[in-house]
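Trainee: Sequence unavailable; structure follows:
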């Protein structure tokens, strides 16, 4: 049983959590109370933001999107399972966001220094992480493309290229979902591939016309 009132002695993170929740309740929520009341009984997000579980990736902070704008799905490596009849949480999120909430955009956002991408490049590192190894199979096509279609390159360049290929791989996997196929056929859904660069704060978006990930938006 979980007891939110108990914490180990000297647990400064628990103290920080307590202070944060109090700050939200006393100051942040009252300042936006009308907005939260409006959201209390329904949501109408604009986008499904599918990204990595990495703690350094904060979708609402990166996009400056307020409450109710993003329907967020997070998992290690921002992977999208190929659609099947199995019960898969990511697939349920996609179906609900696209078929029920009728989001107009799906953003698949990878990021630099991703542990899953590193594991795709060196699958031998997952010998003692069988659950992660099974999950990572949904990124295997990106690794095959890197090894078969790209010339040898230094490891840093391999990781950067594999991060981008993984985003494109997940866009392909996304298209296997019936709800996504229907929405695309009805021309009510746009799909975007991003890579967030942690060290610079840049977002690089895939452009089909140039077949490249380029800084987005361009500086005005």
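Mentor: Received the coordinates, thanks. Since we're looking at a predicted model, the values are computed, not measured.
Trainee: where along this protein do the strands fall?
Mentor: Secondary structure of the chain by DSSP state E: the strands cover 47-52, 70-75, 105-111, 190-196, 203-207, 212-215.
Trainee: Of these, which is nearest residue 41?
Mentor: strand 70-75 (16.4 Å; CB to CB). C-betas here are computed from N, CA, C, even on glycine.
Trainee: domain assignment for the chain?
Mentor: As recorded under automatic domain parsing, the domains making up the chain are 13-40, 43-215.
Trainee: Can you name the residues bridging to residue 110?
Mentor: Judged by DSSP bridges, the bridge partners of residue 110 are residue 195.
Trainee: That one: how many residues sit nearby?
Mentor: 32 (other CB atoms under 10 Å).
Trainee: repeat for the one 3 residues further on
Mentor: By other CB under 10 Å, the residues close to residue 113 number 13.
Trainee: Not counting residues beside it along the chain, what's closest to it?
Mentor: residue 198 (6.0 Å; CB to CB, 6 or more residues apart in numbering).
Trainee: Could you look over the domains of the chain and pick the most buried one?
Mentor: Among these, the stretch with the highest mean neighbour count (mean count of other CB atoms under 10 Å) is domain 43-215, at a mean of 17.
Trainee: Reformat the domains of the chain as JSON lines; add mean pLDDT.
Mentor: What follows is the domains of the chain, written out as JSON lines (pLDDT from 0 to 100):
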{"stretch": "domain 13-40", "mean pLDDT": "96"}
{"stretch": "domain 43-215", "mean pLDDT": "97"}
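Trainee: what residue lies at the spatial centre of the protein?
Mentor: In the chain, the residue lying closest to the centroid (CA atoms, centre = their mean) is residue 51, at 0.6 Å.
Trainee: and that residue, what does it touch?
Mentor: Going by CB atoms under 8 Å, 6 or more residues apart in numbering, residue 51 touches 57, 59, 72-74, 78, 107-111, 196.
Trainee: now swap in residue 73 and tell me
Mentor: Contacts for residue 73 (CB under 8 Å, 6+ apart) come out as 48-51, 90, 93-94, 97.
Trainee: Residue 59 versus that one, what's the distance?
Mentor: 10 Å (CB to CB, to the nearest Å).
Trainee: Now for these two: what residues contact both?
Mentor: 49, 51.
Trainee: before we move on, back to that, between the strands of the chain, which gets nearest to residue 18?
Mentor: strand 70-75 (24.0 Å).
Trainee: shouldn't residue 150 be in contact with residue 160?
Mentor: No - Residue 150 is beyond contact range of residue 160, at 11.2 Å (criterion: CB atoms under 8 Å).
Trainee: quick one, helices of the protein?
Mentor: Taking DSSP state H as the criterion, the chain carries its helices at 12-23, 29-31, 33-39, 59-63, 89-95, 115-121, 130-135, 140-149, 155-174, 178-185.
Trainee: For those helices, could you give me TSV that also reports distance to residue 192?
Mentor: Conversion of these to TSV gives the following (distance: least, CB to CB, whole Å):
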stretch	distance to residue 192
helix 12-23	31
helix 29-31	31
helix 33-39	24
helix 59-63	11
helix 89-95	14
helix 115-121	19
helix 130-135	23
helix 140-149	17
helix 155-174	9
helix 178-185	13
